[in-house]
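*Asks:* curious how this folds, go ahead:
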Amino acid sequence: MNSFLDIHTTDKAELRGMIDAARRMKNARNGQPKGTPDADAPLKNRMVALIFEKPSTRTRVSFDLGVRQMGGQTMVLSGKEMQLGHGETIADTARVLSRYVDLIMIRTFEEATLLEMAEYASVPVINGLTNRTHPCQVMADVMTFEEHRGPIAGRKVVWSGDGNNVCASMIHAAGQFGYDFTFTGPSTLDPESEALEFARAQGVQAIVERDPVKAVQGADLVVTDTWVSMHDPQSARERRHNQLRGYQVNEALMGQAKADALFMHCLPAHRDDEVTSAVMDGPNSVIFDEAENRLHAQKAVMRWCLGV
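*Replies:* Sure, this is the predicted structure:
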């Protein structure tokens, strides 16, 4: 049984296999209506529980559609419906769900919730997001880069802004897929040192550069994310804007990267805050390919988890 909990805890060869499988599945569906089932229906007669403590658009739609395309069925559950960890322990919830479903995806706040679910479930568990990491998103990002520019190994990826959960998974992926990583942002929002140390231990460069102009020079890919969470109070939003204003990805900053450098954002975006509309809608932006590839990457992850 394979659970997909984080990029840095999954074997490199297995990660590469998932990316390759995602591309094959995407190519096989070329031109078909979105609701057309995959020819091999690998999840036929399988039930997948999709648990959302945090609300979602892309994660919910892409997982739900992915299961349906592969011939399976979904059971979508919210944290309120389940009283996860309140009315019943997470461990007991995991044990019970394992009697009903074949696979569990959970999008939650605390990493501890994910890990406890995986420890006590007798079916595979997928990390749909925690406050600490977002591995499914970054699998789609790697897939997207390679669609447009070929192998990501040996390339330079720059993250500008907040060293958040998506950033952490991007750093983990640097170690696993072999690209160099530069973070540029204020020291108060640095990524976790453990993530940087993991990447360096795999033999790639993982550095912090406070000057965004210097950071993006020679970049093959520039990435950012929203400066504020939907859960942040107004005071926190204003403070973050003040800290991050100098790290906005705009045309001038992209002009310092390679001429063919790609731009990514996991969405949703606050246009003209962390990134300008000119960059989002510009020729180097692949944000909607990136969003689509959540579907294909996650289908590959689910197949890997179930061995089908």
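
*Asks:* got the contact list for residue 3?
*Replies:* Neighbour list for residue 3: 118, 121, 124-126, 305 [criterion: CB atoms under 8 Å, 6 or more residues apart in numbering]. From N, CA and C alone the C-beta is placed, and that goes for glycine too.

*Asks:* what about residue 186, neighbour count?
*Replies:* 17 (other CB atoms under 10 Å).

*Asks:* ugh, wrong one, I meant residue 266
*Replies:* Neighbourhood size, residue 266 [other CB under 10 Å]: 25.

*Asks:* name the helix or strand for the nearest residue to it once chain neighbours are set aside, please.
*Replies:* Closest residue to residue 266 apart from its sequence neighbours, by CB to CB, 6 or more residues apart in numbering: residue 137 at 5.0 Å. If you go by DSSP states H and E, residue 137 is part of helix 135-149.

*Asks:* and the next helix or strand along the chain from that helix, what does it pack onto?
*Replies:* Using DSSP H and E, the helix or strand that directly follows helix 135-149 along the chain is strand 156-160. Strand 156-160 sits against helix 165-177, strand 180-184, helix 212-216, strand 221-224, with contacts defined as 3 or more CB pairs under 8 Å, 6 or more residues apart in numbering; DSSP states H and E.

*Asks:* mind listing what's buried along stretch 92-101?
*Replies:* 93-94, 97-98, 101 (16 or more other CB atoms under 10 Å).

*Asks:* most widely separated two among these?
*Replies:* Greatest spatial distance in those: 93 and 101, 11.6 Å, computed using CB to CB.

*Asks:* and residue 225, what does it touch?
*Replies:* Going by CB under 8 Å, 6+ apart, residue 225 touches 161-162, 164, 166-167, 265-266, 274.

*Asks:* now do 10 Å
*Replies:* Residues near residue 225 by CB atoms under 10 Å, 6 or more residues apart in numbering: 134, 137, 159-167, 170, 264-269, 274-275.

*Asks:* mark which of those residues are buried, thanks.
*Replies:* Burial by neighbour count, judged by 16+ other CB under 10 Å, picks out 134, 137, 159-167, 170, 264-267, 269, 274-275 from these.

*Asks:* from residue 173, how far off is residue 293?
*Replies:* Here residue 293 is placed at a distance of 14 Å from residue 173 (CB to CB, to the nearest Å).

*Asks:* show me the common contact partners of these two, please.
*Replies:* Common neighbours of residue 293 and residue 173 (criterion: CB under 10 Å, 6+ apart): 139, 141-142.

*Asks:* quick one: which of the residues you listed is nearest residue 249?
*Replies:* Nearest to residue 249 out of the shared contacts of residue 293 and residue 173 is residue 141 (CB to CB; 15.1 Å).

*Asks:* ok, back up a step: just the mean pLDDT for the helix holding residue 137, thanks.
*Replies:* What helix 135-149 shows for mean pLDDT is 98.
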